[in-house]
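>>> Have a look; sequence and predicted model below, questions after that.
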Amino acid sequence: MRVKSIVCVKRVPDTEARVRIAADGKSVDAAGAKFILNPYDEFAVEAALKHREAAGAGDVTVVSVGESSSAETLRTALAMGADAAVLLKTDGKPEGLAVARILAEELKGREYDLALFGMKAIDDDLQAVGPMVAELLGIPAATAVTEFSAEGGRITAHREIEGGHEVVELRTPCVLTLTKGAYEPRYASLKGIMAAKKKPLEEKAATAGDAGVEVRAFSYPAERQAGRIVGEGADAVPALLRVLREEAKVI
Amino acid sequence: MPGIFAFAETRDGEIRKVAHEVVTAARTLADALGTEVHAVLLGGPGTAGAAAELGRYGADKVFVGESDAFAHYSAEGFTTVITGFIQEHGCEAALFPASALGRDLAPRVAARLGVGYASDCTGVEVQDGQIVATRPEYAGKLIAQVAATGTPAVFSLRPNVFLPAENAKAGEVQTLDVSVNQADFGAIVREIKAGAAEKMDVGEAPIVISGGRGLQSPDNFKLLEELADAFGGKAAVGASRAVVDAGWRPHSEQVGQTGKTVAPTLYIAVGISGAIQHLAGMRTSRYIVAINKDPEAPIFKTADYGIVGDLFEILPRMTEEVRKMMA
């Protein structure tokens, strides 16, 4: 079967980045941070490439909603091997339902078998845009997918649940959100990086509506008070269990 | 005033602990607003048997929807029934667990209702008549206070944070008419494959024992598994990113920004130095214990209690002592 995928990706600050609260108290200042292609989206890009390669037919289009800087993130996915990219350019960084509506609008006009997402973005940790897009388009979805197969117009996906996994059968087109599993992302080769510069990257203006939730304020997590060393070596174990039982009352 | 909707998750006809947590949180909101808690349970035939216990956690009414089509979870089917219920009864807020099922379902419900959604909340309260949720972002590097701009507010709640509180009231159980047809579903769960034994999930276990590179080899994780077993089914084994990247442990056990964010009552970090991306994933744990041979390891700055020393001596001793204690 031909596998035609659209992979929706996001530009996020690196996991090592220290994020600061901006002066307004309700937005994030990530100035100076290194930005990367969201790690979970890399699994989605890899899955799309693997399935295109296995099928021997199809293509992979990467789409991102964001400011012009997101073009760099799309180039990263092109360098991995995606065929084409679309930047849905917004002022600012919309989240959640606002992003889902922009993506659903774009996907409506396209032909695809799979719309792939990372299970979550490591910035807002929302884990919602994939299933929201599926709902807005009225198509099935499976989230937290570690591996899937495509056969005869049907997808069999393994999704991670507590203490095991679910095997879900979906008809296409469908949305899958990927987590770490069978698709360890490839590194972009030098050849891939050079080729990416010549691949099509279309820019379209998009307008973000209401996300339906607003951040009232950001704060830093309460600093944990520095604890105490109850002792050294195995002989400290009874003392530790005693404080856990009598002081903390957790065991 | 419309009530507070609480989605009560079941698996194989049994109510999951997260359902008690969600109903308890809904009770708090309902009391603050002077309204009722409406818990909804969906499942295959036989689910009704589990319904009555939800009253104990504060549900005024428990609505049970049984269908052959719901023997397994269906995102599309559940969304249809839940949005139908909310449109008919109204609600100020709709609460879901931030479990594998809740994270899949809640965004679909929000999108169909055309409202926003905040996931993995660690607090919900009423401020000046408005429902406000607290949720960590950037895996806990920042904490956001968020409010819905429309009604209902759709939130999912982080497991283990809202401790179930029993309530003297008995909820009234009603039957919910479920008319769904499996043939309409574009996605169908064919089977559930349990992991090795009925393991606690690292995201939901009250005790998490995580190992890092200090364990030195994948085989040595059996020391952590033995300690987890000694706690009698209340503990799960977690892992740092380094050991998951090395292929020693599955990603489903990874704690941190590119893994799970956990909030157990007790988190024991063994042979983990405490990289920022790991700390982000476990800093909301109630108590943190660190076991590390390096007294300068950053993990000790976050831990409540620590033991400095050789984990290969400390762990077997701890397992032995915990077994004695639990006996």
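Noted; the coordinates are in hand.

>>> would A:Asp41 count as being in a helix?
Yes - per DSSP: H, G, I helix; E, B strand; the rest coil, A:Asp41 lies within a helix segment.

>>> Please report how far it lies from B:Glu253.
Per Cβ to Cβ, to the nearest Å, A:Asp41 is found 22 Å from B:Glu253. Heads up, the C-betas are built off the backbone N, CA and C, glycines and all.

>>> before we move on, what about B:Asp201?
B:Asp201 is 9 Å from B:Glu253, by Cβ to Cβ.

>>> Counting neighbours, go ahead and name the busier of the two.
Neighbour tally, B:Asp201 and B:Glu253, criterion other Cβ atoms under 10 Å in any protein chain shown: the higher count belongs to B:Glu253, 24 against 21.

>>> so what's in contact with B:Asp201 and B:Glu253 at the same time?
The contact sets of B:Asp201 and B:Glu253 overlap at B:Ala236 (Cβ atoms under 8 Å, 6 or more residues apart in numbering or on different chains).

>>> okay, now the domains of chain B?
As assigned by automatic domain parsing, chain B contains the domains B:3-184, B:207-326.

>>> in the stretch 151-251 of chain A, which ranges drop under the pLDDT threshold?
Judged against pLDDT under 70, the stretch 151-251 of chain A has no low-scoring part.

>>> show me what contacts the residue in it that chain B sits nearest to?
For the stretch 151-251 of chain A, the residue closest to chain B is A:Gly212, as judged by Cβ to the nearest Cβ, at 2.1 Å. When contacts are counted by Cβ under 8 Å, 6+ apart, A:Gly212 touches A:Gly96, A:Leu97, A:Ala98, B:Ala110, B:Gly114, B:Val115, B:Gly116, B:Tyr117, B:Ala148, B:Thr149, B:Gly150.

>>> Of those, which is the most crowded?
B:Ala110 (34 neighbours).

>>> Wait, that residue touches B:Gly116, no?
Yes - assessed by Cβ atoms under 8 Å, B:Ala110 is found in contact with B:Gly116 at 6.5 Å.

>>> Between these two, which contacts overlap?
With Cβ under 8 Å, 6+ apart, B:Ala110 and B:Gly116 have common neighbours A:Leu97, A:Gly212, B:Val154.

>>> Closest to A:Leu201 out of the residues you listed?
Taking Cβ to Cβ as the measure, A:Leu201 lies nearest A:Leu97 of the shared contacts of B:Ala110 and B:Gly116, at 26.0 Å.

>>> So for the helix or strand hosting the closest one, mean pLDDT?
A:Leu97 is located in helix A:96-108, with elements delineated by DSSP states H and E. Average pLDDT, helix A:96-108: 98.

>>> so what does it touch, helix or strand wise?
For helix A:96-108, the contact count by 3 or more Cβ pairs under 8 Å, 6 or more residues apart in numbering or on different chains; DSSP states H and E identifies strand A:58-66, strand A:84-89, helix A:129-137, helix B:100-113 as packing neighbours.

>>> residue ranges with poor pLDDT in the stretch 201-327 of chain B?
Within the stretch 201-327 of chain B, no stretch has pLDDT under 70.

>>> Strands of that one, start to end?
In the stretch 201-327 of chain B, the strands defined using DSSP state E, counting those that start in this stretch lie at B:207-211, B:235-239, B:266-270, B:287-292, B:305-308.

>>> okay, the angle between the longest one and strand B:207-211?
Which is strand B:287-292. Orientation of strand B:287-292 against strand B:207-211 (axes from the mean of the first three to the mean of the last three Cα atoms, to 10 degrees) gives an angle of 20 degrees.

>>> and strand B:287-292 with chain A, contact?
Yes - for strand B:287-292 and chain A, the contact criterion (Cβ under 8 Å from any Cβ of the partner chain) is met by B:Tyr287, B:Ile288, B:Val289, B:Ala290.

>>> Can you tell me, leaving aside adjacent residues, what's nearest to the residue in the stretch 1-150 of chain B positioned nearest to chain A?
Among residues of the stretch 1-150 of chain B, the one nearest chain A by Cβ to the nearest Cβ turns out to be B:Gly116. It sits 2.1 Å away. Nearest residue to B:Gly116 in three dimensions, chain neighbours excluded: A:Gly212, at 2.1 Å (Cβ to Cβ, 6 or more residues apart in numbering or on different chains).

>>> What pairs with the top strand by length along chain A, parallel or antiparallel?
Identified as the longest strand of chain A according to DSSP state E is strand A:141-151. Paired strands of strand A:141-151, with direction, are strand A:154-161 (antiparallel), strand A:174-178 (parallel) (DSSP bridges).

>>> Tell me which of these is the most buried.
strand A:174-178 (a mean of 28; mean count of other Cβ atoms under 10 Å in any protein chain shown).

>>> Show residues contacting that strand.
A:40, A:43-44, A:47, A:114-120, A:127, A:130-131, A:133-134, A:137, A:139-146, A:148, A:155, A:157, A:170, B:186-187.
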